[in-house]
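# Would you be able to build a 3D model of this:
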Amino acid sequence: MPVLRGISLAVPPGQALAIMGPTSAGKTTLALVLAGLAPAMTGGRLRGRVLVDGLDAATTPAAQLSAHLGLVFQEPERQLFNMTVADEVAFGLEGLGMPPALIRERVAWALGCVGLAGLEDRPPWQLSGGQQKRLAIGAILAMQPPILVLDEPMAGLDPAGRREVADALHALRARSGATVIVFEKDAEFAARWADRVAVLAEGRIALDGPPQTVFQEVERLHALGVAVPQAAELAARLRRRGWPAAFLTARQAAASLSAHLPAPGRAEPPPPPTAREDRPPAVELRGVRFAYPSRTEALRDVSLAIPAGQTVALVGQNGSGKSTLARTLIGLLRPQAGAVLIHGRPVGRRSVGELARAVGYVFQNPDHQIFAPSAREEIAFGPRNLGLKGEALAQRVSEALAAFGLQEVADLPPAVMGYGVRRLVTLASVWAMQPDIWVLDEPTTGLDARHTGQLLAQLRSLAAAGRTVLFITHDLRLAAEIAQRVVVLHRGRVVLDGPPTEVLADAERLAPLGLRPPPIARLSAALAVHGFPHPTLTVDQFLAAWDAVTMTNGQLPIANCQ
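Numbering: from 1, shown residues only. Purely as a prediction, here's the structure:
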């Protein structure tokens with residue numbers, strides 16, 4: 001079956017192009033074709049012609065082509081192999097024959113761009129997943145190729161990291177006039193950064209144009225499974241209500257909507273804090289400390305109790321200790337001090353196999369979890385080891401496949417699936433075990449908007465069934481949509497803990513932690529001086545508040561402007 005189908009695409013020198021598309025649309029394949037790695041390294045057949053800086057990508061040796069085009073892989077582990085962070089960045093520069101003084105200068109510049117200054121001597125495998133992504137980007141940035149191709153560079157990065165990478169790409173273009181092509185699902189980034197957005201679907205270009213044009217096609221993008229900026233979603237909802245709205249960012253939305261609100265005055269006070277849960281904890285950490293052999297202290301006196309049935313988002317900068325905390329819950333890591341309890345029983349006295357009956361864990365990287373020869377066998381492995389067999393096992397596997405839309409790939413080996421589909425396989429594998437407690441580490445990485453919606457639906461059903469869910473995420477929009485509580489880790493400590501309206505709306509408190517409120521929260525904050533209720537965390541909340549404010553001020557609600 002063709003992955004790419006008759007694509008014609010010309011990218012002028014110096015352009016910033018974002019290519020978006022649903023899971024399995026062919027984005028990674030196109031990136032590998034541009035870098036001359038497909039079909040030479042992947043197999044398959046290539047028809048048509050691919051020219052990169054005037055060179056034929058299919059016939060030019062990869063070593064020669066790499067001087068013209070730098071590629072950052074979707075999975076950074078595939079391109080990190082040196083002993084230290086500094087060596088990783090210096091490796092490509094040494095291959096280009098640069099003098100040592102210039103190499104040192106470039107290494108310092110690149111690590112500063114991606115927020116890794118100070119970690120020069122750290123082995124790459126001791127970095128968090130997000131830090132590894134930053135390192136892979138920094139290593140290519142340092143070489144300053146005339147063409148840079150990045151496959152989902154924002155995946156797994158905290159908001160501060162995303163801004164640093166975006167700034168670095170701007171700096172590279174300003175410094176050298178580089179052409180930058182980003183394959184990305186982060187619509188907020190694409191709307192702010194790109195000169196042009198192309199949407200790839202079923203191996204073809206479905207949309208192509210400036211962000212202001214492409215992101216007005218909200219219904220079509222939804223149908224394709226492509227995310228849109230939150231402000232563009234709001235604008236589309238307002239247009240359907242008869243309001244001529246067109247904006248992509250919170251700043252643009254504030255400028256447009258403030259004219260229809262009262263003159264600036266006293267802002268609405270924030271709502272009172274939500275009462276804390278008083279149910280017994282399903283998960284509890286008491287004074288937990290954990291340090292890696294390198295003496296990197298990942299958790300510092302962490303105490304946290306999660307009541308049964310609560311959905312909690314664990315957020316924080318890359319390297320703040322989130323994944324380490326998650327691994328202590330399933331016994332993969334044993335803390336040096338403190339206690340971890342599941343349903344009141346210490347984890348330290350229980351085997352990983354025993355814990356698996358109570359806690360289902362989805363790894364940040366699906367390849368760390370998958371080992372079976374087919375998706376069906378992968379999903380069956382857990383419940384089979386819990387004692388399910390025969391018709392009951394077959395039914396459980398079928399239900400898991402259906403829950404995540406995997407029926408068509410059930411008998412395929414995961415190795416031939418795209419990253420996002422492999423992610424769905426890991427989610428289905430845990431779903432099939434039906435644990436009381438779910439721990440998910442960056443579960444939306446690699447998922448398009450449609451599959452993220454499927455995951456949200458499953459998380460809501462788990463909450464309705466009384467399951468406890470702890471999910472790690474850098475997507476604060478996701479946290480606002482689904483979490484009942486948000487916990488912020490910073491340098492191994494819990495620094496904020498409360499309902500989303502408390503934690504996710506205060507830009508001043510979040511900024512030093514490398515976090516930023518979702519766009520809709522920033523919009524309601526900007527409009528608060530006009531008496532607009534703040535915070536609103538979702539488009540639905542904003543529209544409800546907008547209707548209330550416009551009705552109070554004697555205007556017809558937008559819903560009636562037909």
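# Need phi/psi at Asp121.
phi -100, psi 0 (degrees, to the nearest 10).
# wait, doesn't it sit right on Met83?
No - if you go by Cβ atoms under 8 Å, Asp121 and Met83 don't touch, sitting 9.4 Å apart. Where you see a C-beta, it was placed from the backbone N, CA and C, and this is true even at glycine.
# Dihedrals phi and psi, Ala16?
Torsion angles, degrees, to the nearest 10, at Ala16: phi -100, psi 110.
# Can you tell me, leaving aside adjacent residues, what's nearest to it?
Among residues not flanking Ala16 along the chain, Asp195 sits closest, at 4.6 Å (Cβ to Cβ, 6 or more residues apart in numbering).
# for Pro373, same thing?
Pro413 (5.6 Å).
# got a list of what Ala250 touches?
If a contact means Cβ atoms under 8 Å, 6 or more residues apart in numbering, then Ala250 has Gln230, Ala231, Pro519, Ile520, Arg522, Leu523, Ala526 as its contacts.
# List just the nearest of these to Glu217.
Ala231 (14.9 Å; Cβ to Cβ).
# OK, contacts around that closest one?
Per Cβ under 8 Å, 6+ apart, neighbours of Ala231: Phe247, Leu248, Thr249, Ala250, Gln252, Ala253, Pro519, Ile520, Leu523.
# follow-up on the earlier one: count the residues that sit near the residue nearest to Pro373.
Around Pro413 there are 14 other residues, counting by other Cβ atoms under 10 Å.
# tally of neighbours for the nearest residue to Thr468 once chain neighbours are set aside?
Sequence neighbours aside, Ala282 is the residue nearest to Thr468 in space, at 4.2 Å (criterion: Cβ to Cβ, 6+ apart). Ala282 has 24 neighbouring residues, counting by other Cβ under 10 Å.
# Surely Ala282 and Val312 touch.
No - Ala282 is beyond contact range of Val312, at 10.3 Å (criterion: Cβ under 8 Å).
# Need the residues touching each of those two.
Joint contacts of Ala282 and Val312 (Cβ under 8 Å, 6+ apart) are Ile306.
# mind giving me the domain ranges of the protein?
16-219, 236-270+519-560, 282-513 (automatic domain parsing).
# Could you tell me the least trusted of the ones you listed?
Lowest mean pLDDT within the domains of the chain: domain 236-270+519-560, at a mean of 83.
# Measure how far that domain is from the centre of its chain, please.
The chain centroid and the centroid of domain 236-270+519-560 are separated by 27 Å under Cα atoms, centre = their mean, to the nearest Å.
# next one: stretch 199-211
Worked out by Cα atoms, centre = their mean, stretch 199-211 lies 21 Å from the chain centre.
# quick one, phi psi at Gln364?
According to degrees, to the nearest 10, Gln364 has phi -60, psi -40.
# what about it, distance to Val397?
For Gln364, the distance to Val397 (Cβ to Cβ, to the nearest Å) stands at 24 Å.
# Of these two, give the one with the bigger neighbour count.
The neighbour count for Gln364 versus Val397, taken as other Cβ under 10 Å, is higher for Val397 (25 against 20).
# so who does that one touch?
Contacts of Val397 by Cβ under 8 Å, 6+ apart are Arg376, Ile379, Ala380, Pro383, Ala432.
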